[in-house]
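**Student:** got a predicted structure here, sequence first:
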Amino acid sequence: MNLTPLHDRVIVKSSKPEEVTKGGIIIPDTAKEKPMQGEVIAVGAGKIGDDGKLIPLQVKAGDQVLYGKYSGTEVTVADEDYLIMRESDIFAIIG
């Protein structure tokens with residue numbers, strides 16, 4: 001992938017939406033909800049603080065994260081869908 005995020009942005013690959021509920025009901029494509037978790041693929045260098053120092057990001061490539069439903073900007077690179085978002089749009093690291 002030739003995509004590198006800048007500053008405090010991260011690139012996330014969303015998890016696949018649920019195909020079947022826990023009860024065994026198959027979910028049609030029109031009813032599937034956009035997933036709110038995924039894997040961090042790449043991270044920027046960090047944010048510049050008010051004092052001019054670089055503040056590194058807390059997430060790193062490979063982390064499984066939870067983010068807001070409408071967070072980020074969707075992009076497609078080499079037939080793969082990614083989200084580019086600020087680190088502040090990430091709510092939690094899973095695991």
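**Tutor:** Ah, there it is.
**Student:** His7 is in contact with Gly46, correct?
**Tutor:** Yes: under the criterion of CB atoms under 8 Å, Gly46 is in contact with His7, at a separation of 7.1 Å. Any C-beta I mention is one placed from the backbone N, CA and C, and that applies to glycine too.
**Student:** what lies in contact with stretch 44-51?
**Tutor:** Residues from elsewhere that reach stretch 44-51, judged by CB atoms under 8 Å, 6 or more residues apart in numbering: Thr4, Pro5, Leu6, His7, Asp8, Arg9, Val10, Leu54, Ile55, Pro56, Leu57, Glu87.
**Student:** quick one: pLDDT of Ser14?
**Tutor:** Reported pLDDT at Ser14 in the predicted model: 84.
**Student:** do the same with the one 4 residues further on
**Tutor:** Note on Glu18: pLDDT of 57.
**Student:** do the one 4 residues further on as well
**Tutor:** We have a pLDDT of 62 for Lys22.
**Student:** same check on Ala78?
**Tutor:** Ala78 is assigned 85 on the pLDDT scale.
**Student:** tally of neighbours for it?
**Tutor:** Residue neighbour count, defined by other CB atoms under 10 Å, stands at 8 for Ala78.
**Student:** what about the spatially most central residue of the chain, which helix or strand?
**Tutor:** Compute the mean C-alpha point of the chain, and by CA atoms, centre = their mean the closest residue is Val12, 3.1 Å away. Taking DSSP states H and E as the definition, Val12 sits inside strand 9-14.
**Student:** residues touching that strand, excluding its own?
**Tutor:** By CB under 8 Å, 6+ apart, the residues outside strand 9-14 that reach it are 3, 5, 34-35, 37-44, 57, 59, 65, 67, 72, 80-87, 90.
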